[in-house]
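>>> this is a predicted model, with the sequence first.
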Amino acid sequence: MPPPPASPRGFARYAWAVLALNVAVVLWGAVVRATGSGAGCGSNWPLCNGEVIPTSPTVHKLIEFTHRAMTGADLAMVALLVAWAFRAFPKRHPARTGAILSAVFLISEALIGAGLVLFGQVGSNASASRAGWLSGHLLNTLTLLAVVALTAWWGMGNPPVRLRGGAALLAGVSLLAVALLGISGVIAALGDTLFPAPSLATGLAMDFDPAASFWLRLRLLHPPIAAAVSLWLTVYALWSIARRSELRPRAFLMLGLVGAQILAGVTNLLLLAPVWMQIVHLLLADLVWISLVILCAAALIPPVIQPRGSAAMYSPA
């Protein structure tokens, strides 16, 4: 198998920067949700209360408008990413595919965000339909982060992945498990926002109250799901190392982030979910997801059969 074509270093660096911007947009979106600023621009989209640039802005209006402005900058950067990928790489190169998918899922991300505003799924809305909207939004966000991360990874010269066999099945299970954990996390976070508690004891009493809102009942599912997924990720990381020793650094990085995420989750619970701690918790969740995506991709690179004594033609970057 010939080595993959060399790729410009500048493209890979730019793609990682685009990924960093998308993470920042996700984190600011959490600020919008945690502060109840989703309706800060009223029911207008993409205008803010009918204005391109809001006048006489309130705090909530500024928070929501900043999120929309960041999304606009993100659209421009992803458009450049697509153009650069088509100029830098040949036909059928995975970096081209990743860049196109990044644009597709960023557009769907913006449309889902618009739907949240236009259909009133923001602010103090505690309806069951909001859970569905948030779940769809979260799945799209995770997919967007995954394809941008893979675009950068492929831009570094890594070959395409092979989606078959037991390795692909285990990678898929791992990704689905973390996606499920993310859905339970976003529902728990909104439950913290909609039904704040003055103390941990009061919060637990609210959760176990027979008359509690379904948001509080769903919030109870997040800790056991987090424990189960963390255990599975540990098993998957150890299996990956046993199968291919060169995956050790990536596997240990992911496990370190999982440990930090568990610690942040406990701290978030004990502090009654202040906004800053919710952002830290979400940042670690995004980093766990990205590290898992890259670990899965590296584990799915087809093995290279090489003559004895020759150097490896490529290794997971």
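That came in fine, so what should we check first?

>>> which non-adjacent residue is nearest residue 15?
Leaving aside its sequence neighbours, residue 15 sits nearest to residue 152 (CB to CB, 6 or more residues apart in numbering; 3.5 Å). Using the backbone N, CA and C atoms, a C-beta is placed for each residue, glycine as well.

>>> swap in residue 272?
Residue 272 sits nearest to residue 197 (CB to CB, 6+ apart), 6.2 Å away.

>>> that neighbour contacts residue 212, correct?
No - Residue 197 lies out of contact with residue 212 (CB atoms under 8 Å); the separation is 11.5 Å.

>>> now do the shared contacts for those two.
The contact sets of residue 197 and residue 212 overlap at residue 206 (CB atoms under 8 Å, 6 or more residues apart in numbering).

>>> ok, now how distant is the residue nearest the centre of the chain from residue 79?
Geometric centre of the chain, nearest residue: residue 142, 3.7 Å, by CA atoms, centre = their mean. According to CB to CB, to the nearest Å, residue 142 and residue 79 sit 22 Å apart.

>>> next: residue 113.
18 Å.

>>> which one of those two is surrounded by more residues?
Taking other CB atoms under 10 Å, residue 113 and residue 79 do not tie; residue 113 has more neighbours (24 against 14).

>>> shouldn't the more buried one be in contact with residue 74?
No - the pair residue 113 / residue 74 is not scored as a contact, 11.3 Å apart, by CB under 8 Å.

>>> tell me how many other residues crowd residue 133.
The tally of other residues near residue 133 (other CB under 10 Å) stands at 18.

>>> show me the contacts for it.
Neighbour list for residue 133: 112, 115, 116, 119, 121 [criterion: CB under 8 Å, 6+ apart].

>>> sitting in helices, which of the residues you listed do you find?
112, 115, 116 (DSSP state H).

>>> and those residues, which are buried?
112, 116 (16 or more other CB atoms under 10 Å).

>>> what helix or strand is the residue nearest to residue 15 located in?
helix 128-155 (DSSP states H and E).

>>> report the buried residues of the helix or strand just after that helix.
Elements were assigned by DSSP H and E; along the chain past helix 128-155, the next helix or strand is helix 165-194. Applying a neighbour-count criterion of 16+ other CB under 10 Å, one finds 167, 170-171, 174-175, 177-194 buried in helix 165-194.

>>> quick one: work out the angle between helix 165-194 and helix 128-155.
Helix 165-194 runs at 130 degrees relative to helix 128-155, counting by axes from the mean of the first three to the mean of the last three CA atoms, to 10 degrees.

>>> and helix 165-194, what other elements does it pack with?
helix 9-34, helix 128-155, helix 214-219, helix 222-243, helix 275-299 (3 or more CB pairs under 8 Å, 6 or more residues apart in numbering; DSSP states H and E).

>>> tilt between the helix or strand just after the fourth one and helix 275-299?
Sequence-wise, the next helix or strand beyond helix 222-243 is helix 248-270, with elements assigned using DSSP H and E. In this structure, helix 248-270 runs at an angle of 160 degrees to helix 275-299, with the same axes, to 10 degrees as the basis.

>>> when you give positions from now on, start the count at 136
New numbering, starting at 136: the last item is helix 383-405.

>>> for helix 383-405, which outside residues touch it?
Looking at what lies outside helix 383-405 - CB under 8 Å, 6+ apart - the contacts are 335, 358, 361, 365, 368-369, 372-373, 375-376, 412-413, 415-416, 419-420, 422-423, 426-427, 429-430, 433, 451.

>>> now do stretch 301-312: distance to the chain's middle.
Offset of stretch 301-312 from its chain centre (CA atoms, centre = their mean, to the nearest Å): 17 Å.

>>> and the contacts of that stretch?
By CB under 8 Å, 6+ apart, the residues outside stretch 301-312 that reach it are 281, 297, 363-364, 367-368, 371, 374, 378, 427-428, 431, 434-435.

>>> which member of the residues you listed is positioned nearest residue 188?
residue 281 (33.4 Å; CB to CB).

>>> give me the number of residues near that closest one?
Neighbours of residue 281 using other CB under 10 Å come to 24.

>>> contact partners for it?
Contacts for residue 281 (CB under 8 Å, 6+ apart) come out as 310, 424, 425, 428.

>>> now do the contacts for residue 185.
For residue 185, the contacting residues are 177, 179, by CB under 8 Å, 6+ apart.

>>> before we move on, the earlier item: ok, the residue nearest to residue 150 to residue 404 distance?
According to CB to CB, residue 287 and residue 404 sit 34 Å apart.
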